[in-house]
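Chemist: the sequence and its predicted three-dimensional model are supplied below.
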Amino acid sequence: MRNERKTETIVREHFLKFSDKIYIEEQRSDNPKIDKLLKFASKKGAGKGYPDFIITYKTNPDFLILIECKADILKHQSKDNNKYSEFAVDGALLYASYLSKNFDVLALGVSGETEETLKVSHFLYLKNEKKAVPVFGDKFLGVQDYLNGYLKSPEKFRQDYNSLLDFTKKLNEKLHFYKIRESERSLLISSILIALENPAFKKSYPLYKKPEELASHLIQTVSDELKNANITGARLTNLNTQFSFIKTDTSLSKKDKVLKQIIDDIDENINAFIKTHKYFDVLGQLYVEFLRYANSDKGLGIVLTPPHITEFFADLAQVNKDSIAYDNCAGTGGFLIGAMKKMIEDAKGDEAKIEEIKVNRLIGTEYQSHIFALAVSNMYIHQDGKTNIINGDCFDKEVIEKVKNRKPTVGFLNPPYKSNKKTDTDELEFILNNLECLTYGGTCVAIVPMQSALSQSGKVFELKKRLLEKHTLEAVLSMPDELFHNSNVNVVSCIMVFTAHKPHSKNKETYFGYYKEDGFVKRKNKGRIDAYGKWNDIKEKWNLNFINRKEEPGLSVNQIVSADMEWAAEAYMETDYSNLKPSDFEDTILNYVIFLHSNRLLDRKREQENE
């Protein structure tokens, strides 16, 4: 005869070891919110129901662990997870579906009567989500491991990031109401985030009664923090100038409690996000979110590379703990932060190596002073690399020599896109500049307009010739058409991958990827996001094909090319017709009709027919 009490004893003994961090309740709850949610959660479909264990964290009460036990391992999980009273996992998921209306829930199904035969399954069911996702593994973990895994999970990141975007919209509306200019909003946020790193400021800012005194204290704290980070001389003067508007802005320095409330909101919503989700270009995201509401993001400074693509760059370049990364168009530092994340992961907890990465292995150049301030701030907030950001022209010989002396092994860039084709520097010239600074055999990864890859004449053709004469074109990847939707820039782009200082062999096959579907979708007020969590699987597929130069119909092809040929998968790839559905034809026809209508071509055709 199976005895479920044995299973419960194993569970109880495991979690009692952590009673200093958690509260454990069995088959009931004194929490009125939990009790109310379980009012109709009976596994048999009527009345109240409780899991065998409900665990609440003392420090994170919005995160619950619930556990449902069965003695028989054959009653661990049914095929369709819908036999709630018979199977451990099924019952756990049922209770989680009720509790997730107000909590983030980790649901455990546990079966077996001995530790040797015990089966454990974990599912994360986040608040207001429609389904749970399997997480962790098949063994019990410590409660701190559960908490850390939950906080840093892709699912929690997606939830927190959506909350961050919601907050950003509200904050933007507030700053607009107080007439703070779009181009200064991210500088304000970055100054506050820097100041909040100072324990004395964090403790004292609520005590200031006069707004002008708080504004002065904020600016002085930022200046002191940057000075302590070895940013001195002209660079410090430049940064102080960028932040100085805070002391003169009427709303921030004159109106009672405005600045204090903004600091409170940023500490609660943005600072908390940064501390949980490290190595994410938050300032870059805020910059884009603020400028989405301005007349022209591009006119005000930068076109931000989406963060999932900056991390993909680090994969393409196979960044590791010994890499030295250089971005000659640093912007807010997104590529460097993505590279840093990869380097630190590869250091595997070696604190000395991690410190060396932060101090020596991240280099950037940024021309625009206000964007330079954001880049330094961003790197400071991540406690990394701020002294290696150069405010200057990447084509300046002195800058080039300074970078070369650091011997960068990987280069990243999203160059400024030409607004005037005759006078602006071409995107491929920035790639040549980056490659010049890399060591022999280094890898350069750049994202540029597709037109740069397709041109077969004129200046761009000559630049393509120069690139192949000096360097090897390893790959060109066609990116999603609306990749820069969040920046309000309509440009179709591609990623180019080069090996530095190795002339391109005439027999060399270049890898071309048709990487158009990244799983992201557009959502009102949130822009283009990974709403369904598809990106990680897609990225793994993209990386697998790229690393192995794998040809796949509809996705990738290898081709020998020269400067006078198109550098795009579309020109050489075999079409995959196997996935075509009737709806694809219907969508194409519908889109064509919409195109005709929006351009008033239908009316014109009718007029011609009636003549």
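Modeler: In hand now; what should we look at? Residues are numbered from 1 along each chain as shown.

Chemist: look up the closest residue to the residue nearest the centre of the chain, ignoring the ones flanking it.
Modeler: Nearest residue to the geometric centre of the chain (Cα atoms, centre = their mean): residue 307, 3.9 Å. In space, and not counting its chain neighbours, residue 307 is closest to residue 281: 5.5 Å by Cβ to Cβ, 6 or more residues apart in numbering. In short, each C-beta sits where N, CA and C put it, glycine included.

Chemist: what's the pLDDT at that neighbour?
Modeler: On pLDDT, residue 281 comes in at 73.

Chemist: and what of residue 176?
Modeler: Listed pLDDT for residue 176 reads 89.

Chemist: hang on, the earlier thing: look up how far residue 268 lies from the residue nearest to residue 307.
Modeler: Per Cβ to Cβ, to the nearest Å, residue 281 is found 20 Å from residue 268.

Chemist: which of the two has more neighbours?
Modeler: Each of residue 281 and residue 268 has its neighbours counted (other Cβ atoms under 10 Å); residue 281 has more, 27 against 11.

Chemist: test my guess that the more buried one contacts residue 333.
Modeler: Yes - counting by Cβ atoms under 8 Å, residue 281 does reach residue 333; the two are 6.6 Å apart.

Chemist: quick one: common contacting residues for these two?
Modeler: Contact criterion Cβ atoms under 8 Å, 6 or more residues apart in numbering; residues shared by residue 281 and residue 333: residue 378.

Chemist: so where do the strands sit in the stretch 451-600 of the chain?
Modeler: With strands called from DSSP state E, counting those that start in this stretch, the stretch 451-600 of the chain shows them at 472-478, 493-499, 509-514, 521-523, 527-529, 556-560.

Chemist: to residue 184, which of those strands lies closest?
Modeler: strand 527-529 (21.7 Å; Cβ to Cβ).

Chemist: how about residues contacting the closest one?
Modeler: Strand 527-529 has contacts (Cβ under 8 Å, 6+ apart) with 158, 161-162, 165, 289, 292, 306, 482-483, 485-486, 520-523.

Chemist: which of those tops the neighbour count?
Modeler: Counting neighbours by other Cβ under 10 Å, residue 306 leads these with 27 neighbours.

Chemist: quickly note the distance from residue 89 to residue 142.
Modeler: Remark: distance between residue 89 and residue 142 (Cβ to Cβ) = 22 Å.

Chemist: so for those two, which residue has more residues nearby?
Modeler: residue 89 (28 against 13).

Chemist: for that one, give me the pLDDT.
Modeler: pLDDT, residue 89: 95.

Chemist: next, the contact list for the closest residue to it other than its chain neighbours, please.
Modeler: Nearest residue to residue 89 in three dimensions, chain neighbours excluded: residue 109, at 3.2 Å (Cβ to Cβ, 6+ apart). Going by Cβ under 8 Å, 6+ apart, residue 109 touches 67-68, 70, 76-77, 87-93, 119-121, 123.

Chemist: doesn't residue 109 belong to a strand?
Modeler: Yes - the assignment for residue 109 by DSSP: H, G, I helix; E, B strand; the rest coil puts it in a strand.

Chemist: can you name the residues bridging to it?
Modeler: Note on residue 109: beta-bridge partners residue 68, residue 121, judged by DSSP bridges.

Chemist: so that it lines up with my notes, have the first residue be 9 from now on.
Modeler: Shifting the count to begin at 9 puts that one at residue 117.

Chemist: can you show me the helices along the stretch 509-619 of the chain?
Modeler: Assigned by DSSP state H, counting those that start in this stretch, the stretch 509-619 of the chain shows helices spanning 543-555, 590-606, 609-618.

Chemist: could you pull up the mean pLDDT of the first one?
Modeler: Helix 543-555 shows an average pLDDT of 95 in the prediction.

Chemist: then the second one?
Modeler: Taken as a whole, helix 590-606 carries a mean pLDDT of 70.

Chemist: please apply the same query to the shortest one.
Modeler: In this model, helix 609-618 has an average pLDDT of 58.

Chemist: and this structure, what are its domains?
Modeler: The record's domain parsing of the chain by automatic domain parsing lists 12-159, 165-282, 286-579, 589-619.

Chemist: tell me which of these sits most buried.
Modeler: Stretch with highest mean neighbour count among the domains of the chain: domain 286-579 (a mean of 19; mean count of other Cβ atoms under 10 Å).

Chemist: over to that one now: how far is its first residue from its last?
Modeler: End-to-end span of domain 286-579 (Cα to Cα, to the nearest Å): 40 Å.
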